[in-house]
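Chemist: Take this sequence and fold it.
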Amino acid sequence: MEPISLRTPLALLLISLGVIASVWWWMATPITLARAPIDPNAKLQCVSYAPFRDTQTPLAPTTQVSAEQIEQDLMRLAKITDCVRTYSIENGLDQVPGIAAKVGLKVMQGIWLGSSKLKNLAQIATAVNLTKEYLGVITALVVGNEVLLRGEMTTSDLAANIRAVKAQVTVPVTYADVWEFWLRNREVYEAVDFITIHILPYWEDMPVRAKFAATHVDSIRKRMAVAFPGKEILIGETGWPSAGRMREGALPSRTNQARIVAEILDLAKKEGFRVNLIEAYDQPWKRQLEGTVGGYWGLFDAVKRVVKYPPGENISNYPLWKWQMGCGMALAFFTFCAAWLTLRRRPWTPRLTSWIAVGISATSAGILLGVAADKMLYESYGLGGALQWGALLAAAIAAPLLAAHALMSGRPLPTFLELLGPREFRRGPLLSVLLGISLIVTTLIGAETALGFTFDPRYRDFPFASLTMAVVPLALLMLLNRPQEGVRPIAESVFAGVFVVAAIYTGFNEGPDNWQSLWTCAMYLLLALTLWRARAVQSPK
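Modeler: Numbers count the residues shown, from 1 in each chain. Here you go, the predicted model:
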């Protein structure tokens, strides 16, 4: 076979860099909206407000938010809205009406009801007193939030609490719940002054695609108006998440959030209905209950406390795309460099297919590095999450580099037995050991996510980007440099079976519209094939 000239890998490198640049330019293309989602010249009617930052959480009874922190938040909100909706008076939220009065905001005061009658009475008493003290600030009381949805109170008990509050205040009183629960519990309709419904297209039992979300909100509102013609209907919660996992065809993203908020606000203005957006600030603590997606419903970033979509600025899913593209191109370049440097000693003459495999690995890794890093940033929750997704990303970055070396040197993908088995099985240079570690990390974290999607999938993120970066070069290496002799290892066979079963179940469970799921399942199957083709060398005698 004639040696391959330098022109071939150089041409492949240039093609790889061109593809990476083109894909990133396409992914980062900004959207143009007829109406800015946040416009200081057209203030929001109302927005849900929770003050919790960093590690603060209402799930810890000892959490107490300072007045200074709340005032900082409300001063920012006063620039974009006329009203805030709260959900409780605990954890320092009883300070909101007084601070709102200072900064010029109205308050829809929430009363959190649950299964504890004593706690309910305390909440009601405090909220009633605040309403009397800040009569011009608190414009309505929301007695209970989704307590029927959570099954923590009967309809009759809820109605009794609403009537008890109405007897003590002069402001309108309502109850807030998902729209279906109003249809199932019409007794509550008789007790309230107006109806507050939650319409969250992403969380519907049959999730709604982003392009249909605003229309869905309006159609549900009109349906409720027909069902309850005697009272005003307030959309008490609606919005869209900017990050997190897909649910069927419903994709969280920055551009989808901006578009949906803008479209809903435009409809509200044209058709004259009231709407409260969820929510003011991203709430990291919600990720403990709802996964990544729960923490990214805010109009303001949780860390910098700035508006995600400033008026007049382009809205892109990847605002730092040039850096992400540059890092991806650098990884592709170094992948080719790893192959070239390996050939300096020329242990064998590489085939054209080996260089093509290097090019495919470099291109896929270069495209997905920025996506994977972005997902790791948003999806890592707590130390455990950071270690898990950080380890997978590290393995994903190492895989194309180490696989390029193995492809050029003619070495096969090492087996688990060669890395973790008895001493007589262990063999190979350091770079092969590192490649094996990358395989082990990818397999273990991949198996953990695969089992998660099988047994507890609702709030889990799809690791399609990092998984692809790691699996593609490993699969290509196994395809081209597969050992011709040996027995199929048990460990690899078991993991391969797990991936196949999980991929089939997850694909059907998540549905054909969820491309994140389908992509992840394809990587599970490719990793399963890679592991199934492994062959272990017999121990020396």
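Chemist: tell me which element Tyr378 falls in.
Modeler: Assigned by DSSP states H and E, Tyr378 belongs to helix 352-379.
Chemist: avg pLDDT for that helix?
Modeler: What helix 352-379 shows for mean pLDDT is 96.
Chemist: before we move on, what about stretch 50-58?
Modeler: Here the average pLDDT along stretch 50-58 is 95.
Chemist: CA atoms only for that stretch, dumped as CSV, please.
Modeler: The C-alpha trace of stretch 50-58 is given here as CSV (Å, rounded to 0.1, in the frame of the first residue of the first chain):
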residue,chain,number,x,y,z
ALA,A,50,-39.1,34.4,44.7
PRO,A,51,-36.0,35.9,46.2
PHE,A,52,-33.8,32.8,46.7
ARG,A,53,-30.2,33.0,45.4
ASP,A,54,-27.3,30.6,45.2
THR,A,55,-27.9,27.8,47.8
GLN,A,56,-30.9,29.6,49.5
THR,A,57,-34.0,27.4,49.4
PRO,A,58,-37.5,27.5,50.9
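Chemist: Hmm, Gln45 is touching Lys269, no?
Modeler: No. Using C-beta atoms under 8 Å, Gln45 is not in contact with Lys269, being 9.6 Å away. Yep, even glycine has a C-beta here, placed from its N, CA and C like the rest.
Chemist: can you map out the strands along the chain?
Modeler: Along the chain, counting by DSSP state E, strands occupy 46-48, 83-85, 106-111, 138-145, 173-178, 194-198, 233-238, 275-277.
Chemist: In JSON lines, list those along with mean neighbour count and distance to Leu518.
Modeler: Output for the strands of the chain, formatted as JSON lines (neighbours: other C-beta atoms under 10 Å; distance: least, C-beta to C-beta, whole Å):
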{"stretch": "strand 46-48", "mean neighbour count": "25", "distance to Leu518": "33"}
{"stretch": "strand 83-85", "mean neighbour count": "25", "distance to Leu518": "38"}
{"stretch": "strand 106-111", "mean neighbour count": "26", "distance to Leu518": "40"}
{"stretch": "strand 138-145", "mean neighbour count": "25", "distance to Leu518": "36"}
{"stretch": "strand 173-178", "mean neighbour count": "24", "distance to Leu518": "29"}
{"stretch": "strand 194-198", "mean neighbour count": "23", "distance to Leu518": "30"}
{"stretch": "strand 233-238", "mean neighbour count": "25", "distance to Leu518": "28"}
{"stretch": "strand 275-277", "mean neighbour count": "25", "distance to Leu518": "31"}
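Chemist: returning to what we had before: any idea how far the helix holding Tyr378 is from the middle of the chain?
Modeler: 21 Å (C-alpha atoms, centre = their mean, to the nearest Å).
Chemist: Repeat that for stretch 35-42.
Modeler: With C-alpha atoms, centre = their mean, you get 25 Å for stretch 35-42.
Chemist: Span of it from start to end?
Modeler: Length of stretch 35-42, first residue to last, C-alpha to C-alpha, to the nearest Å: 10 Å.
Chemist: count of neighbours near Gly114?
Modeler: 14 (other C-beta atoms under 10 Å).
Chemist: about what we covered before: of Gln45 and Lys269, who's got more company?
Modeler: Comparing Gln45 with Lys269 by other C-beta under 10 Å, the one with more neighbours is Gln45, at 18 against 13.
Chemist: Please tell me how far that one sits from Leu277.
Modeler: 8 Å (C-beta to C-beta, to the nearest Å).
Chemist: Next: Leu451.
Modeler: From Leu451 over to Leu277 the distance is 37 Å, taken as C-beta to C-beta.
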